[in-house]
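Visitor: the sequence isn't on hand, but the structure is:
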């Protein structure tokens with residue numbers, strides 16, 4: 001038993017010695033390779049640091065030379081750090097080369113049992129590593145200092161110069177508008193004072209000595225002030241034009257239209273809007289003027305814009321209601337005349353039809369039902385005229401437009417029914433009414449042409465399209481011929497070829513006028529749409545600001561064709 005235990009102990013000791021021996025060998029091999037690789041990496045880093053430091057110094061020297069800044073203490077401090085790094089780099093490189101040579105010699109000439117030289121280089125390696133870390137600290141200091149004190153201020157000054165140029169351009173545009181927007185001058189003055197104070201900070205010597213965060217905060221403040229100025233100019237000019245020019249014209253037009261209608265509509269509408277504004281239109285517009293003068297565009301622009309366009313929407317609703325009342329009353333008055341005219345015509349034709357039936361009695365028995373319908377319609381006409389039409393004014397006074405619409409629709413259907421019966425009469429006596437049908441066709445064509453002409457003139461006025469001397473001559477000729485046709489029609493001048501020739505001539509004149517103004521109308525619409533669409537982009541895109549100003553100039557002077565030509569050139573030259 002004792003012998004076996006002795007053998008076991010000997011075996012354990014033997015295997016332990018083998019394990020220790022193997023560990024020492026592996027350590028010696030791995031440590032040697034690791035140190036050689038590490039030293040090569042340190043030497044590469046030192047070379048890279050030196051190259052980068054030299055590059056940074058070239059940039060800083062170029063900056064000092066271009067800016068003519070003389071800061072000897074700052075430059076001397078950087079130069080001293082550069083010299084310190086070069087000295088450390090030289091010492092460290094020498095030590096690392098010596099250590100690397102010893103390791104390579106050990107690896108080539110010594111066997112794995114000779115570890116003395118391996119341990120002998122550990123202490124020099126630590127000293128070289130300490131030098132490397134000191135050099136790394138100096139490198140980081142030089143890099144951070146040059147970037148924050150020289151390269152960053154250089155970029156900062158470039159951006160300041162860009163903002164200055166942008167400020168100059170917007171000032172040129174603002175000066176052109178100061179005459180028409182005097183109450184914005186105070187806001188521009190305060191902003192310019194703040195901008196001037198900030199410019200005094202952006203002096204090259206001062207930026208170098210100032211903390212980076214403070215410089216960034218100053219440039220952000222300067223940028224925000226210029227954006228605010230652009231907002232006042234771009235949005236303010238639009239608001240000014242609406243509040244001082246467009247809205248007063250709308251209000252005056254509404255007053256003129258209301259003066260020829262029942263005052264009850266205005267009273268009813270004001271009572272409804274007081275819960276929203278508590279003021280009439282003119283007073284509320286004055287309130288908007290006062291708010292615009294004190295408006296902080298950088299904070300309250302959206303709220304003011306919403307309030308302004310809500311007011312414009314209210315004016316538009318009121319205008320539409322007035323127009324509806326006027327159109328409805330005009331339509332009723334005209335339709336009463338038409339009903340009377342068609343009814344008389346119906347009765348007159350009925351005599352001819354009756355005569356026709358007397359002459360050809362017994363041959364048209366199938367038409368008796370249609371005659372009964374015509375008699376019923378004749379009775380319904382008087383009933384309708386005495387009830388619904390007379391009640392329409394009551395609905396206007398109550399502002400009940402849905403009831404008015406119902407009456408107008410009934411009136412329209414009644415008129416259609418009456419015309420349908422007249423058409424039935426014409427079908428009954430086609431040969432007799434052939435001549436009259438031709439006249440009626442020309443009359444309908446004439447009425448459509450009248451509507452087209454009136455619509456064209458109305459659109460031109462709405463879009464502020466100017467009429468040339470030639471346009472006015474054409475309008476005069478059209479109106480003269482129109483009055484002649486209407487007068488002949490009222491006098492019942494049934495000369496077929498004269499009436500027909502006049503209508504054909506009228507058609508030619510109206511179509512010529514349409515061809516001339518249609519392009520200009522579409523150009524005006526497109527110009528106004530483009531101005532509206534690019535307005536929000538003016539504050540962030542300089543090219544859109546230039547396009548906006550040019551289109552606004554053409555729009556204000558009604559040069560819509562030139563506006564489209566400019567837009568076309570802009571798309572070809574700028575967008576592509």
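Guide: Nice, I can see it. Fair warning: this is a prediction, and the values are worked out from it, not measured in the lab.
Visitor: only C-alpha atoms from now on, for both contacts and neighbour counts.
Guide: Will do.
Visitor: mind listing what's buried along the helix or strand harbouring residue 478?
Guide: Per DSSP states H and E: residue 478 is located in helix 469-490. Residues of helix 469-490 classed as buried: 474-475, 478, 481-482, 485 (neighbour count, 16 or more other CA atoms under 10 Å).
Visitor: in the stretch 1-150 of the chain, where is pLDDT below threshold?
Guide: Along the stretch 1-150 of the chain, the parts satisfying pLDDT under 70 run over 1-36, 56, 58-79, 81-88, 100-123, 146-150.
Visitor: please repeat the previous calculation with a cut-off of 50.
Guide: By pLDDT under 50, the low-scoring segments of the stretch 1-150 of the chain are 19-30, 110, 112-113.
Visitor: look up phi and psi at residue 538.
Guide: Phi and psi for residue 538, reported as degrees, to the nearest 10, are phi -60, psi -30.
Visitor: give me the domain ranges for the protein.
Guide: 16-172, 430-576 (automatic domain parsing).
Visitor: I'd like the next helix or strand past the lowest-mean-pLDDT helix or strand in the chain.
Guide: Using mean pLDDT, DSSP states H and E, helix 263-273 stands out as the lowest-scoring helix or strand of the chain, at a mean of 46. Scanning forward in sequence from helix 263-273 by DSSP H and E, the next helix or strand is helix 281-294.
Visitor: give me the buried stretch members for that next one, please.
Guide: 281, 285, 288-289, 292-293.
Visitor: make a markdown table out of these and add distance to residue 142 and pLDDT.
Guide: Below are the buried residues of helix 281-294 laid out as a markdown table (distance: CA to CA, whole Å; pLDDT from 0 to 100):
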| residue | distance to residue 142 | pLDDT |
| --- | --- | --- |
| 281 | 68 | 76 |
| 285 | 63 | 76 |
| 288 | 58 | 76 |
| 289 | 58 | 75 |
| 292 | 53 | 74 |
| 293 | 52 | 70 |
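Visitor: quick check: the farthest pair among those residues?
Guide: 281 and 293 (18.8 Å; CA to CA).
Visitor: in stretch 292-309, which of the residues would be classed as buried?
Guide: For stretch 292-309, using 16+ other CA under 10 Å, the buried residues are 292-293, 295, 297, 301, 304, 308.
Visitor: the residues you listed into CSV, with extra columns for distance to residue 566?
Guide: As requested, the buried residues of stretch 292-309 are arranged in CSV below (distance: CA to CA, whole Å):
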residue, distance to residue 566
292, 32
293, 33
295, 33
297, 30
301, 30
304, 32
308, 30
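Visitor: nearest to residue 137 among those residues?
Guide: residue 297 (49.2 Å).
Visitor: where does residue 539 sit: helix, strand or coil?
Guide: Of the three states, residue 539 takes coil under DSSP: H, G, I helix; E, B strand; the rest coil.
Visitor: pretty sure it contacts residue 230?
Guide: Yes - Residue 539 lies in contact with residue 230 (CA atoms under 8 Å); the separation is 5.8 Å.
Visitor: look at those two and report which has more neighbours.
Guide: Neighbour count, other CA atoms under 10 Å: between residue 539 and residue 230, residue 230 has more, with 23 against 20.
Visitor: now name the helix or strand holding that one.
Guide: helix 212-241.
Visitor: now for that helix, which elements pack on it?
Guide: helix 152-177, helix 185-201, helix 281-294, helix 297-359 (3 or more CA pairs under 8 Å, 6 or more residues apart in numbering; DSSP states H and E).
Visitor: how about a cut-off of 6 Å?
Guide: Judged by 3 or more CA pairs under 6 Å, 6 or more residues apart in numbering; DSSP states H and E, helix 212-241 is in contact with no other helix or strand.
Visitor: next, the buried residues of it.
Guide: 215, 218-219, 222-223, 225-237, 239-240.
Visitor: what does residue 463 show for phi and psi?
Guide: phi -90, psi 10.
Visitor: count the residues that sit near it.
Guide: 17.
Visitor: need the pLDDT of residue 390.
Guide: pLDDT for residue 390: 55.
Visitor: picking that back up, what about the helix holding residue 478, average pLDDT?
Guide: 82.
Visitor: cool, and stretch 508-523?
Guide: Rounded mean pLDDT across stretch 508-523 is 82.
Visitor: in that stretch, what counts as buried?
Guide: 509-510, 513-514, 517, 520-521, 523.
Visitor: got CSV for those residues, with distance to residue 545 too?
Guide: Formatted as CSV, these follow (distance: CA to CA, whole Å):
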residue, distance to residue 545
509, 42
510, 40
513, 36
514, 34
517, 29
520, 24
521, 25
523, 20
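Visitor: those residues in helices, which ones?
Guide: 509-510, 513-514, 517, 520-521, 523 (DSSP state H).
Visitor: from the buried residues of helix 469-490, pick the one nearest residue 458.
Guide: residue 475 (12.5 Å).
Visitor: pull up the gap between the closest one and residue 173, please.
Guide: 39 Å (CA to CA, to the nearest Å).
Visitor: leaving out the residues flanking it, which one is nearest to residue 95?
Guide: Counting by CA to CA, 6 or more residues apart in numbering, residue 95 lies nearest to residue 128, which is 6.1 Å off, once chain neighbours are set aside.
Visitor: the inter-axis angle of the helix or strand encompassing that neighbour versus helix 152-177?
Guide: Element membership for residue 128, per DSSP H and E: helix 122-146. Relative orientation of helix 122-146 versus helix 152-177 (axes from the mean of the first three to the mean of the last three CA atoms, to 10 degrees): 10 degrees.
Visitor: what's helix 122-146 packed up against?
Guide: Using 3+ CA pairs under 6 Å, 6+ apart: helix 122-146 touches helix 72-109.
Visitor: if we go to 10 Å?
Guide: Where contact means 3 or more CA pairs under 10 Å, 6 or more residues apart in numbering; DSSP states H and E, helix 122-146 is packed against helix 2-67, helix 72-109, helix 152-177.
Visitor: separation between residue 246 and residue 462?
Guide: 12 Å.
Visitor: which residues are in contact with each of those two?
Guide: Overlap of the contact sets of residue 246 and residue 462 (by CA atoms under 10 Å, 6 or more residues apart in numbering) is empty.
Visitor: who's more crowded, those two?
Guide: residue 246 (13 against 10).
Visitor: what's that one in contact with, if anything?
Guide: So residue 246 contacts 239-240, 312 (CA under 10 Å, 6+ apart).
Visitor: nearest to residue 46, of the residues you listed?
Guide: The closest of the contacts of residue 246, once distances to residue 46 are taken by CA to CA, is residue 239, at 64.1 Å.
Visitor: what sits against that closest one?
Guide: Here residue 239 is in contact with 232-233, 245-246, 288-289, 292, 304-305, 308-309 (CA under 10 Å, 6+ apart).
Visitor: at 8 Å instead, please
Guide: Counting by CA atoms under 8 Å, 6 or more residues apart in numbering, residue 239 makes contact with residue 292.
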